[in-house]
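K.L.:
The following comprises the amino acid sequence and a computationally predicted model.
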Amino acid sequence: MTVRFSKSIRSLVLVASVALVVGCTRLGSQTTRPFFEPLAHDVPGAAGARLSVLWIGHATMLIQIDDKWILTDPFLVRTMGQIQRRVSPVGLDVDRLPTIDAVLISHMHFDHLSLGSLERIERRVRRLFVPEGGLVYVTDFAFDARELRAWRCFEENGLRITAVPVDHDGGRYGLDSAWMTKSATGYVVEYHGLSFYFGGDTAYDQREFLRTRRLFPHLDLALLPIAPIHPRDHMRTLHMDPDEALDALSDLGARTMIPMHFDTLVAGTDAPGEARELLTVRARARGMVDRVDLLRIGERRVVVPMAK
Amino acid sequence: MHAARPSAAKRNCDVLVCRDWTETPRFVHSRVPFRHRGAAAGVAIAVYLRGRAAFGDDAVTEPAIRPTPLWLVAQLAPSPEIAYGESVARLGLRWQLTPLLYSFGTNRRLSPWRIGVVEPLVRQSGSVELFLSPEYLVRGPTFWDGWLWRTGLRTYLPIVERGDYLSVSFGASCYEFAGRAGASYEIGAYVLFGIVGAQITFSPRSGPAQTIATLRLRYF
């Protein structure tokens, strides 16, 4: 088993090591032709709006609620977990982001807690919230980072953020799911009498949705994930499909739903655009079209306009 | 301008536990993250001296990390390596254990110490670890001739995505191999959350294992 090599073996090993590192890091810098072209616009805020939403992609939503700005699960980089490239570009020039009053992190998966994305917006963020046990994966940043356990809330200057339970995996690297059993959450944000629900990433859990409704019976908006759909036997335990998202909308009693968590990454075995089409069909069949607002990445919607 | 609708949460405040964070913070620390209480005593003193626990955190949850069967299996997986010395290259395997790690990259409100089980980000985001590395190099007439025992200190520095995507390490160790003891120096680079990496270990006074190149494969 002893192998003889020339004296250049050390150089070869060194070159191979450097190639490995450079090759892997290059994965993160490659560009790709997008499946879905984002809408381009300059100003994220909506004039004359009390509650508006801009879909930046995946579960990243920029929400304006009067004079407050909330950003959910910022995923603003090209790759997820160093390997998987996003199929749609980021729906907003990050340099145009306003100062964010609160960043909400729903759980620790790479497409929801993106440390590279947080680095890009670090100076624009006042506070960041993570679910119980999630702080371990938020390395030191310039902004204040806090944990919110289920049914706990943070309140400051009228802005109230409450963590609400959802049904999802809380780990980041797989093995840690054994102890990070509570590190996935949804949030309800209330301000000046307006409120919205952010579901993060969740399976359909009627009990928790109904509990949330009992505490927050006047939700103006629900941001709900609708994908990945397939393979359903596996995904059902972690993710809602469009039909279940409509069930969740009914359970929560929110006036409007804006779907998310689709058209950004290749997830499961879904065909491109499948979640969007299925939601349209199912909402029509169930007579809920007027309660579902299907955005394109980069598109902004005024949910509650300013009273005239 | 503002709607007169009452806050639902306020009407249910017997259920909701709300708190204004601008009040004086209350210190609530949950479980110590390790199970080995005896060995943890010294670590606890160090934590105290460093003063991290002095933060007035209202809700800080130390991860309840623990060895699991999957973790144990992951530790048994070796990293392949090639040792070069005396004009001969030998194939080998390296196992890596971390009895103690201090992370200076993890969130400042949490304990920086880990014993045994270490989350990838806690290690790769910046840390100093005490490591033990049994290595087996194909050498000599008997099975026992090939074992190399190494212990040392290694520091990890994050480069990209807080170390999740790329980190580097520098370390020094002492070893015992073929009846001889010596010192080694090493450098390494890691991608994919530290799962894959390359390490070069140089031992000036070791004849048969002077330079070792390791494809480091490590999960937790």
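P.N.:
Arrived safely, thanks for sending. Everything numeric in this text was worked out from a predicted model, so none of it was measured.
K.L.:
Could you list every helix and strand in contact with the helix or strand that residue A:257 is a member of?
P.N.:
Secondary-structure assignment from DSSP states H and E places residue A:257 in strand A:256-260. Packed against strand A:256-260 by the contact rule (3 or more CB pairs under 8 Å, 6 or more residues apart in numbering or on different chains; DSSP states H and E) you find strand A:49-57, strand A:221-225, helix A:242-252, helix A:274-285, strand A:300-305. Where C-beta positions appear, they are placed from N, C-alpha and C, glycine not excepted.
K.L.:
For these, state which one has the densest average packing.
P.N.:
Among the helices and strands packed on strand A:256-260, strand A:221-225 has the highest mean neighbour count (mean count of other CB atoms under 10 Å in any protein chain shown), at a mean of 27.
K.L.:
Mind checking if it is in reach of chain B?
P.N.:
No - judged by CB under 8 Å from any CB of the partner chain, strand A:221-225 stays clear of chain B, getting no closer than 13.8 Å.
K.L.:
that older thread, just the CA trace of the strand holding residue A:257, in PDB.
P.N.:
This file holds the C-alpha atoms of strand A:256-260, laid out as PDB (Å, rounded to 0.1, in the frame of the first residue of the first chain):
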ATOM      1  CA  THR A 256     -56.300  39.100   2.200                       C
ATOM      2  CA  MET A 257     -53.600  36.500   1.500                       C
ATOM      3  CA  ILE A 258     -50.400  37.100  -0.400                       C
ATOM      4  CA  PRO A 259     -48.600  33.800  -1.200                       C
ATOM      5  CA  MET A 260     -44.900  33.400  -1.000                       C
END
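K.L.:
okay, the angle between it and strand A:221-225?
P.N.:
Strand A:256-260 runs at 30 degrees relative to strand A:221-225, counting by axes from the mean of the first three to the mean of the last three CA atoms, to 10 degrees.
K.L.:
Buried by neighbour count: which residues of the strand ranked longest in chain B qualify?
P.N.:
Using DSSP state E to assign secondary structure, the strand with the most residues in chain B is strand B:147-160. For strand B:147-160, burial by neighbour count (16 or more other CB atoms under 10 Å in any protein chain shown) applies to B:147-148, B:150, B:152, B:154, B:156, B:158-160.
K.L.:
List, out of these, those positioned next to chain A.
P.N.:
Taking CB under 8 Å from any CB as the test, chain A is in contact with B:158, B:160 out of the buried residues of strand B:147-160.
K.L.:
for the buried residues of strand B:147-160, which one is nearest chain A?
P.N.:
Distance to chain A, by CB to the nearest CB, is smallest for residue B:160 among these, at 6.3 Å.
K.L.:
Find the residue closest to residue B:106 in space, skipping its chain neighbours.
P.N.:
In space, and not counting its chain neighbours, residue B:106 is closest to residue B:122: 4.9 Å by CB to CB, 6 or more residues apart in numbering or on different chains.
K.L.:
ok, and what's touching the host helix or strand of the one you found?
P.N.:
In this structure, residue B:122 sits in helix B:120-124 according to DSSP H and E. For helix B:120-124, the external contacting residues (CB atoms under 8 Å, 6 or more residues apart in numbering or on different chains) are A:136-137, A:139, A:172-173, B:98, B:101, B:103, B:105-106, B:114, B:129, B:156, B:158, B:162-164, B:167, B:190, B:193-195, B:219-220.
K.L.:
which parts of it are buried?
P.N.:
Neighbour-count burial for helix B:120-124 [16+ other CB under 10 Å]: B:120-124.
K.L.:
got the CA coordinates for it in CSV?
P.N.:
The C-alpha trace of helix B:120-124 is given here as CSV (Å, rounded to 0.1, in the frame of the first residue of the first chain):
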residue,chain,number,x,y,z
PRO,B,120,-20.8,23.9,12.3
LEU,B,121,-21.4,27.6,12.4
VAL,B,122,-20.2,27.9,16.0
ARG,B,123,-16.9,26.4,14.9
GLN,B,124,-16.5,28.0,11.4
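K.L.:
can you tell me the average pLDDT over it?
P.N.:
For helix B:120-124, mean pLDDT rounds to 97.
K.L.:
same thing with stretch A:174-183?
P.N.:
What stretch A:174-183 shows for mean pLDDT is 94.
K.L.:
What residues of it count as buried?
P.N.:
Across stretch A:174-183, burial judged by 16+ other CB under 10 Å covers A:175-180, A:182-183.
K.L.:
Can you narrow those residues down to the ones near chain B?
P.N.:
The subset of those within reach of chain B, by CB under 8 Å from any CB, is A:175-176, A:178-180.
K.L.:
The residue in the stretch 51-200 of chain A that chain B sits nearest to and residue A:158, how far apart?
P.N.:
Closest contact between the stretch 51-200 of chain A and chain B, by CB to the nearest CB, is at residue A:193 (3.3 Å). Distance of residue A:193 to residue A:158, computed by CB to CB, to the nearest Å: 10 Å.
K.L.:
Please identify which of the two sits among more neighbours.
P.N.:
residue A:193 (18 against 14; other CB atoms under 10 Å in any protein chain shown).
K.L.:
Would you mind listing the residues in contact with the residue most central in space within chain A?
P.N.:
The centre of chain A sits closest to residue A:59, judged by CA atoms, centre = their mean, with a distance of 2.5 Å. Residues near residue A:59 by CB under 8 Å, 6+ apart: A:72-73, A:75, A:106, A:111-112, A:200-201, A:223, A:225, A:260-261.
K.L.:
Distance check, it against residue B:120.
P.N.:
From residue A:59 to residue B:120 the distance is 23 Å (CB to CB).
K.L.:
again with residue B:139
P.N.:
To residue B:120, residue B:139 is 32 Å away according to CB to CB.
K.L.:
Residue B:144 too?
P.N.:
Distance from residue B:144 to residue B:120, counting by CB to CB: 34 Å.
K.L.:
export the ones next to chain B among the buried residues of stretch A:174-183 to CSV and tack on distance to residue B:199 and secondary structure?
P.N.:
Shown next, in CSV, are these (distance: CB to CB, whole Å; DSSP: H, G, I helix; E, B strand; the rest coil):
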residue, distance to residue B:199, secondary structure
A:175, 22, helix
A:176, 24, helix
A:178, 28, helix
A:179, 29, coil
A:180, 29, coil
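K.L.:
Mind jotting down where the strands sit in chain B?
P.N.:
Taking DSSP E as the test, the strands found in chain B are B:17-20, B:79-85, B:88-94, B:97-103, B:113-114, B:127-137, B:147-160, B:166-177, B:180-191, B:196-202, B:211-217.
K.L.:
which parts of the last one are buried?
P.N.:
What it means is strand B:211-217. Quick answer for strand B:211-217 (16+ other CB under 10 Å): B:211-216.
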